[in-house]
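Participant: Okay, predicted coordinates and the sequence, questions at the end:
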Amino acid sequence: MGFETSGTVTHAPRRGAPTSGIAKVLVETDDLILRGGVKLSVPRSAIRDAVAKGTQVTVRYDGGVITLELGDAAAKFAKKVVEPPKSRLEKMGIGPKMRVVVRHSSDRALAAEITEVGATVAARAKRGEERCVIEFVESDAHLARIADAAALLAQDGALWVIHPKGADGVKDTAVFAAGKVAGLTAVKVARFSGTHTAEKLVIPVAARRT
């Protein structure tokens, strides 16, 4: 979902003693996260710059400085840290002139966002003709919606299943299983929001009608 690498990390906070160690480094949509020998979570909005020099990256943020020895991944990491994160619609491949079917949405902002990028929210779905369908599955009781949404897809269409994450959410394995019953396979996962995940399901290429 984000960018992940590992290396030797030194964190020098403005207040407190520096810490060093081998850490896993993740660049997520909202945060830079360190796990392992150095544990830290920094909002990307607090990062001032990230400069790569050889195999080393120096990240300056509001609370201090992080120095990372990342080998060949240094330049790519620095670029990822400072570039604007993709919007959720960009992650889902939704852009201008697309027609999007939205079903059972619990997200009040979604329709407006789709319109803002130049796409159209379909007033009525066309069975077997839709290229992009978004289906909300808020609980296991809603998993049957996946089969209904699958019936709307064109052969090369995509169904995005939006479901709550976490221990009390809908497990991705349950989404995959319901998709398989409906003749679909999972090909991508994306962060939809702080509470929900998006799973992309499609008709397998071998099963598509020509």
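Facilitator: In hand now; what should we look at?
Participant: what about the strands in this protein?
Facilitator: 3-13, 19-27, 31-36, 40-43, 47-53, 56-61, 64-69, 99-103, 120-121, 130-136, 153-164, 185-191, 196-202 (DSSP state E).
Participant: Adjacent strands (with direction) for the longest one?
Facilitator: It stands for strand 153-164. Strand 153-164 pairs in its sheet with strand 130-136 (parallel), strand 196-202 (antiparallel), by DSSP bridges.
Participant: Quick check: which of these is nearest to residue 45?
Facilitator: strand 196-202 (21.0 Å; Cβ to Cβ). Every C-beta, even on glycine, is put in place using the N, C-alpha and C of the backbone.
Participant: Give the buried residues for the closest one.
Facilitator: Within strand 196-202, the residues that count as buried by 16 or more other Cβ atoms under 10 Å are 196, 197, 198, 199, 200, 201, 202.
Participant: how about a markdown table for the strands of the chain, with mean pLDDT and distance to residue 143 added?
Facilitator: Listed next are these as a markdown table, based on pLDDT from 0 to 100; distance: least, Cβ to Cβ, whole Å:
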| stretch | mean pLDDT | distance to residue 143 |
| --- | --- | --- |
| strand 3-13 | 95 | 30 |
| strand 19-27 | 96 | 30 |
| strand 31-36 | 95 | 31 |
| strand 40-43 | 96 | 33 |
| strand 47-53 | 97 | 39 |
| strand 56-61 | 97 | 41 |
| strand 64-69 | 98 | 42 |
| strand 99-103 | 98 | 13 |
| strand 120-121 | 97 | 24 |
| strand 130-136 | 98 | 10 |
| strand 153-164 | 98 | 9 |
| strand 185-191 | 94 | 14 |
| strand 196-202 | 97 | 12 |
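Participant: any chance of those in JSON lines, with distance to residue 172 too?
Facilitator: Compiled in JSON lines, the strands of the chain are given as follows (distance: least, Cβ to Cβ, whole Å):
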{"stretch": "strand 3-13", "distance to residue 172": "18"}
{"stretch": "strand 19-27", "distance to residue 172": "19"}
{"stretch": "strand 31-36", "distance to residue 172": "20"}
{"stretch": "strand 40-43", "distance to residue 172": "23"}
{"stretch": "strand 47-53", "distance to residue 172": "30"}
{"stretch": "strand 56-61", "distance to residue 172": "31"}
{"stretch": "strand 64-69", "distance to residue 172": "31"}
{"stretch": "strand 99-103", "distance to residue 172": "19"}
{"stretch": "strand 120-121", "distance to residue 172": "26"}
{"stretch": "strand 130-136", "distance to residue 172": "14"}
{"stretch": "strand 153-164", "distance to residue 172": "8"}
{"stretch": "strand 185-191", "distance to residue 172": "7"}
{"stretch": "strand 196-202", "distance to residue 172": "6"}
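Participant: Kindly reformat the buried residues of strand 196-202 as TSV containing distance to residue 186.
Facilitator: TSV is the format used below for the buried residues of strand 196-202 (distance: Cβ to Cβ, whole Å):
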residue	distance to residue 186
196	16
197	11
198	11
199	6
200	7
201	5
202	8
